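# attaching a predicted model along with its sequence, questions to come.
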Amino acid sequence: MVLSKDFWELPQPEDAYLAKVHDFMRAWKTGQAEFVLHTSGSTGTPKPIHVFRNQLISSALATGEALNLGAGTRALVCLNVNYIAGLMMLVRGMELNWQLTVIEPSSNPLLDVDDAAEFDFTALVPLQLANILENQLTKNRTGSMGKVLLGGAPVGIRLLNEISGIGIPVFQSYGMTETVSHIALRKLNFPEAEEHYTFLPGLHFGVDERGCLFVSGAVTRNEIVQTNDLVEINGTTFKWLGRADHVINSGGVKIVLDQVDAIVAQTFFDLEIANAFFSWYINDEKLGQKLVLLVEGKPLTIAAHLILDEIRKRSSAYETPKHIYFADEFAKTPTGKVDKRRSFQPFSPS
């Protein structure tokens, strides 16, 4: 639905999802100063947090400046407005005077808009873009999305390779609910992919004694938000290394699970293995924590020891999982992200 400028002044729609959009926009337009949002639960138990109007405005203005999205931008809102990513699309639209088309979230949003629809900006989760590129009805319509912002989950090797070949600029975001959406962006194509994220304007940042990023600025009410993300900062850019709580100690060697996942992702891509996976650990009497791999689905046609041999060719012996487990289906958070701890629980020694 293309929202009219007076959408918020009209009677509440009968459609339940559009009613939520309407209620938030009315609250915003009538000056509500404080809002309660919920974290996604991707790095812990979902929790409510209070955010203030000026934080949301600051975030919206920074995004508009960073991506050059001014008044009249035609934006597709297809992320859940119950969470910060979707909600911020509404705030940007109201504060930057955009033309908003709002649809209920689905796995392939282009199936839910007219074939002739054209947008200047679309925010997606990686799964939505992957489904768009896989579907015969939508894979040739990517040009209609304008600039694309990906967030909410990692972008896999397979999708990165597909993104390099499409003719629209695609950005990956870095942020969290506590910073009211993204605070940094990196290009995934156009003219070439970037390894480092670039901070949005108006932020102060640094690392703590662990090497984990902290930020402050108008989007945080100038309070320091401390993350568990290990980074290397270079000027106004940084490279994400992994999460501090995803570091294990195996035989006295510190292993960053996120870096292992990157190696396994490249291995799986080269072997044409499409299964989802993640690296994890089990307690071990000799090693302390033993690195293992959990793969979604039935055991693969390629023998596990051959897969491990291929991983070892791309990494060190320490970064090679010692065993592969298979789970029929991964446990998910309320927002559809993999809950690693719950997914691995059936395989943990009692």
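Noted; the coordinates are in hand.

# give me the nearest residue to Glu104, chain neighbours excluded.
In space, and not counting its chain neighbours, Glu104 is closest to Tyr17: 4.5 Å by CB to CB, 6 or more residues apart in numbering. Where you see a C-beta, it was placed from the backbone N, CA and C, and this is true even at glycine.

# could you do Asn97 as well?
Leaving aside its sequence neighbours, Asn97 sits nearest to Ala71 (CB to CB, 6+ apart; 4.1 Å).

# ok, then the element right after the worst-scoring helix or strand of the chain on mean pLDDT?
Sorted by mean pLDDT, DSSP states H and E, the helices and strands of the chain end with strand 34-38, the least confident at a mean of 87. Per DSSP states H and E, strand 34-38 leads on to strand 48-52 as the next helix or strand towards the C-terminus.

# what packs against that following strand?
If contacts are counted by 3 or more CB pairs under 8 Å, 6 or more residues apart in numbering; DSSP states H and E, strand 48-52 sits against strand 34-38.

# got the angle for the strand it packs on vs strand 48-52?
Taking axes from the mean of the first three to the mean of the last three CA atoms, to 10 degrees, strand 34-38 and strand 48-52 form an angle of 150 degrees between their directions.

# so how far is strand 34-38 from its chain's centroid?
In terms of CA atoms, centre = their mean, to the nearest Å, the centre of strand 34-38 is set 20 Å apart from its chain centre.

# which secondary structure elements does the least confident helix or strand of the chain contact?
Of the remaining helices and strands, those touching strand 34-38 by 3+ CB pairs under 8 Å, 6+ apart are strand 48-52, helix 53-67.

# contact partners for the residue lying closest to Val102 once chain neighbours are set aside?
Leaving out its chain neighbours, the residue that sits closest to Val102 by CB to CB, 6+ apart is Val77, at 4.4 Å. Contacts for Val77 were tallied using CB atoms under 8 Å, 6 or more residues apart in numbering; they are 21, 86, 89-90, 93, 100-103, 123.

# measure Val77 to Asp245 for me?
Using CB to CB, to the nearest Å, one obtains 32 Å as the distance from Val77 to Asp245.

# now the residue most central in space within the chain, what's its secondary structure?
When the chain is reduced to its mean C-alpha position, the closest residue under CA atoms, centre = their mean turns out to be Gly152, at 2.2 Å. Assigned by DSSP: H, G, I helix; E, B strand; the rest coil, the conformation of Gly152 is coil.

# how near is the residue lying closest to it once chain neighbours are set aside to Ala153?
Nearest residue to Gly152, sequence neighbours excluded (CB to CB, 6+ apart): Val125, at 4.3 Å. For Val125, the distance to Ala153 (CB to CB) stands at 6 Å.

# compare these two (neighbour count), which wins?
More crowded of Val125 and Ala153, by other CB atoms under 10 Å: Val125, with 21 against 15.

# need the phi and psi values for that one.
When read as degrees, to the nearest 10, the backbone of Val125 gives phi -90, psi 160.

# show me what contacts it?
Taking CB under 8 Å, 6+ apart, we find Val125 in contact with 79, 85, 150-153, 336.

# figure out the helix or strand that Val81 lives in.
Remark: Val81 resides in no helix or strand, with elements defined by DSSP H and E.

# which residues touch it?
17, 20-21, 24, 87, 89-90, 102.

# now flag whichever of the residues you listed is closest to Ile307.
Nearest to Ile307 among the contacts of Val81, counting by CB to CB, is Met89 at 40.1 Å.

# can you tell me the SS state at that closest one?
helix.

# just give the closest residue to it, not the sequence neighbours.
Per CB to CB, 6+ apart, closest to Met89 is Val77, 4.4 Å.

# for the one you found, give its distance to Tyr17.
Noted for Val77: a distance of 11 Å to Tyr17, by CB to CB.

# what do you get for Asp258?
Noted for Asp258: a distance of 34 Å to Tyr17, by CB to CB.

# quick one: secondary structure of Arg186?
With three-state DSSP as the basis, the three-state label of Arg186 is strand.

# low pLDDT regions in the stretch 201-350 of the chain?
For the stretch 201-350 of the chain, the stretches with pLDDT under 70 are 335, 350.

# quick one, helices of it?
257-270, 304-313, 340-344 (DSSP state H, counting those that start in this stretch).

# comparing these, which comes out most buried?
Of all those, helix 257-270 has the most neighbours on average by mean count of other CB atoms under 10 Å, namely a mean of 19.

# how deep is Gly251 tucked in, by neighbour count?
Gly251: 13 neighbours (other CB under 10 Å).

# now it. Nearest residue, chain neighbours left out?
Leu287 (4.6 Å).

# quickly note the distance from that neighbour to Ala317.
Counting by CB to CB, the gap from Leu287 to Ala317 is 12 Å.

# who's more crowded, the two?
Taking other CB under 10 Å, Leu287 and Ala317 do not tie; Leu287 has more neighbours (18 against 8).

# so that one makes contact with Ile248?
No - proximity of Leu287 to Ile248 does not meet the contact threshold set by CB atoms under 8 Å, at 9.3 Å.
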